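[1] quick one: sequence and predicted model below, then my questions.
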Amino acid sequence: MIYRSWYNIKMKTTEMNYTVIFQKEPEGGYTAIVPSLAGCVTYGKDLEEAKKMAREAIELYLESLKKHNEDIPSQEEVFYGQVRVSPSL
């Protein structure tokens, strides 16, 4: 099961929204993936912890970008869709 959530991250006077995809893991817990922030992935033992960890991961990611004078990505140009495939088994 996959859950999607949006987070408002405050940076000074700016607020940004990031989509987070929560994927339930077979061994338990949830992996949290932030598609707009390449490599921003974290994990929580339950959905509540995964949400907390996702917020922290996003904040740290954005702090690192700011520290290195890199642009902060937004979701303005992002859209989501599905692709159907037929795996050969």
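    In hand now; what should we look at?

[2] what are the ranges of the strands in this protein?
    Assigned by DSSP state E, the strands in the chain fall at 2-11, 14-24, 30-33, 41-44.

[3] which residues sit in contact with residue 85?
    Listed by C-beta atoms under 8 Å, 6 or more residues apart in numbering, residue 85 has no contact partners. Using the backbone N, CA and C atoms, a C-beta is placed for each residue, glycine as well.

[4] where does it land on pLDDT?
    If you check residue 85, the pLDDT there is 92.

[5] hmm, residue 74 is touching residue 36, no?
    Yes - the pair residue 74 / residue 36 is scored as a contact, 7.5 Å apart, by C-beta atoms under 8 Å.

[6] ok, those two, which is more surrounded?
    More crowded of residue 74 and residue 36, by other C-beta atoms under 10 Å: residue 36, with 19 against 11.

[7] distance of that one relative to residue 19?
    7 Å (C-beta to C-beta, to the nearest Å).

[8] overlap in contacts, these two.
    75, 78.

[9] so what's the residue count around residue 70?
    10.

[10] all good on my end, thank you.
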